[in-house]
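1. would you be able to build a 3D model of this:
(one chain, ligands or ions: 3)
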Amino acid sequence: MSLSRRAMLISLAGLLALSGSPVSAASNLPKGLDTDADGTVDLTEAKTAAETLFDKLDHDHDGALDAKELRRRLSKGDLTKADLDKDATLSKDEYLAVVEKRFNAADVDHDGTLDAKELRSKSGRALLKLLQ
Ligand SMILES: [Ca+2]
Ligand SMILES: [Ca+2]
Ligand SMILES: [Ca+2]
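-> Ligands and ions are numbered 1, 2, ... in the order given. Sure, this is the predicted structure:
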């Protein structure tokens, strides 16, 4: 086999490896979300990620996120809507309720999971802001 033909075959194999097999579908998902590696994000996985982010954002560890801590993730209007007890901050329960709402909005085929395509939608991206 000539060297150039060999090189071509190798690059072809590389292309095939890149084109989506079912296994590589999981890697289209944002890193760390799909903890059971089934290629989709379910509500439990979303909430686990949301809780981790909540704790990370809660700099003063008072168990609630204020507008400053939520910066760029939730608009003022969304914060007001989500703040059920009107204390101007989001408790973890209030935060997870928004996560669940956005999850359901993104789950357009109502199968209880979000695939990579659903996560790329507008609601999907709004959800991701609260997860990572
Ligand atoms: Ca999963
Ligand atoms: Ca509140
Ligand atoms: Ca779905």
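
2. which bits of this structure sit near ligand 3?
-> D107, D109, D111 (C-beta under 5 Å from the ion). All C-beta spots, glycine's among them, are computed from the backbone N, C-alpha and C.

3. count the residues that sit near the second one.
-> So that's D109. Neighbourhood size, D109 [other C-beta atoms under 10 Å]: 10.

4. which SSE is it in?
-> Assigned by DSSP states H and E, D109 belongs to no helix or strand.

5. can you tell me the closest non-neighbouring residue to it?
-> E118 (7.6 Å; C-beta to C-beta, 6 or more residues apart in numbering).

6. helices and strands of this protein: which one bottoms out on pLDDT?
-> Between all helices and strands in the chain, the lowest mean by mean pLDDT, DSSP states H and E belongs to helix 3-18, at a mean of 57.

7. can you list the buried residues in stretch 44-63?
-> Neighbour counts over stretch 44-63 (16 or more other C-beta atoms under 10 Å) mark E45, A46, K47, A49, A50, L53, F54, L57, D58 as buried.

8. just the ones of those in strands?
-> Among the buried residues of stretch 44-63, no member falls in strands (DSSP state E).

9. and those residues, which two are furthest apart?
-> Spatial extent of those (C-beta to C-beta) is set by the pair E45 and D58 at 20.6 Å.

10. helices of the protein, residue ranges please.
-> 3-18, 43-57, 76-82, 92-106, 116-120, 122-128 (DSSP state H).

11. tell me the contacts of L57?
-> L65, E69, L70, R73 (C-beta atoms under 8 Å, 6 or more residues apart in numbering).

12. make TSV out of these and add distance to ligand 2, neighbour count and pLDDT.
-> Output for these, formatted as TSV (distance: C-beta to the ion, whole Å; neighbours: other C-beta atoms under 10 Å; pLDDT from 0 to 100):
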residue	distance to ligand 2	neighbour count	pLDDT
L65	9	24	97
E69	12	18	93
L70	11	21	95
R73	15	19	94
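
13. dump those residues to a markdown table, plus distance to ligand 1.
-> Shown next, in a markdown table, are the contacts of L57 (distance: C-beta to the ion, whole Å):
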| residue | distance to ligand 1 |
| --- | --- |
| L65 | 26 |
| E69 | 28 |
| L70 | 26 |
| R73 | 22 |
